[in-house]
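> I would like the atomic coordinates for the input below:
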Amino acid sequence: MEDFENKALSSYPLKPKCWYRYVDDTFVIWQHGLDNLNDFLQHLNNIHPNITFTMEIEKQNQLPFLDILVTKTEKEFSYTLFRKPTHTNRYLNAHSHHHPSQLRAIIKSLTTRSIRLTDIKSRNVELNNLTNILKLNGYPLKQIQKIIVSITENRIKPKSKTEELKRNLILPYIKGCNRHYCKKIP
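Model prediction:
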């Protein structure tokens with residue numbers, strides 16, 4: 001896809017303001033008008049016979065991209081979680097026969113997702129929405145709130161100098177080479 005992108009963007013006279021791709025989804029800001037955008041789409045679809053692009057244009061200054069709903073304001077973009085209309089808000093019920101760590105992991109992963117995929121302005125609304133969804137799935141309010149607080153505090157708390165300096169080094173195995181760098185395991 002990278003080769004395709006380079007060829008597509010270099011061979012068209014007008015360039016998008018931005019082009020972000022994740023696997024087969026692309027977010028593009030196009031400043032050259034709708035007619036030129038349709039021509040650009042046709043250009044993309046004529047480069048390779050097996051690659052076809054489709055296009056979704058913003059509606060009411062909003063455009064979903066992956067799991068994010070991007071909203072255009074006068075000065076900036078804001079973003080919050082995007083849920084498809086078919087999303088049911090059903091998750092593993094808290095009263096199901098699963099280990100408590102698995103049930104806590106549901107709350108933790110959904111909270112982390114909500115925090116990472118929303119901007120500061122949308123975050124409280126999204127966390128309140130998440131709290132209501134989890135309560136409907138049987139999770140106790142105190143447990144939800146405790147996990148949300150612990151995750152938000154850990155994201156805000158600055159790291160100490162020693163924590164910042166800790167790094168992992170992962171070396172590929174090369175027979176005969178790595179033995180000089182690794183401690184022998186008894």
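> CA only for contacts and neighbour counts going forward, please
Noted.
> Neighbours of T86, how many?
Other residues within reach of T86, judged by other Cα atoms under 10 Å, total 6.
> So it: helix, strand or coil?
Secondary structure state of T86, per DSSP: H, G, I helix; E, B strand; the rest coil, is coil.
> mind giving me the domain ranges of the protein?
2-57, 81-158 (automatic domain parsing).
> Columns mean pLDDT and distance to D67 on top of these, output as TSV?
Below are those laid out as TSV (pLDDT from 0 to 100; distance: least, Cα to Cα, whole Å):
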stretch	mean pLDDT	distance to D67
domain 2-57	93	11
domain 81-158	93	5
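> Out of those, which is closest to F65?
Proximity to F65 (Cα to Cα) singles out domain 2-57 among the domains of the chain, at 6.9 Å.
> Check the separation of the first and last residues in the closest one.
23 Å (Cα to Cα, to the nearest Å).
> quick one, helices of the protein?
Ranges of helices within the chain are 2-10, 34-45, 100-116, 120-136, 141-156, 161-165, based on DSSP state H.
> which stretch among these comes nearest I68?
Short answer: helix 100-116, nearest of the helices of the chain by Cα to Cα, at 10.0 Å.
> And that closest one, what does it pack against?
Judged by 3 or more Cα pairs under 8 Å, 6 or more residues apart in numbering; DSSP states H and E, the packing partners of helix 100-116 are helix 120-136, helix 141-156.
> Thank you kindly, that will do.
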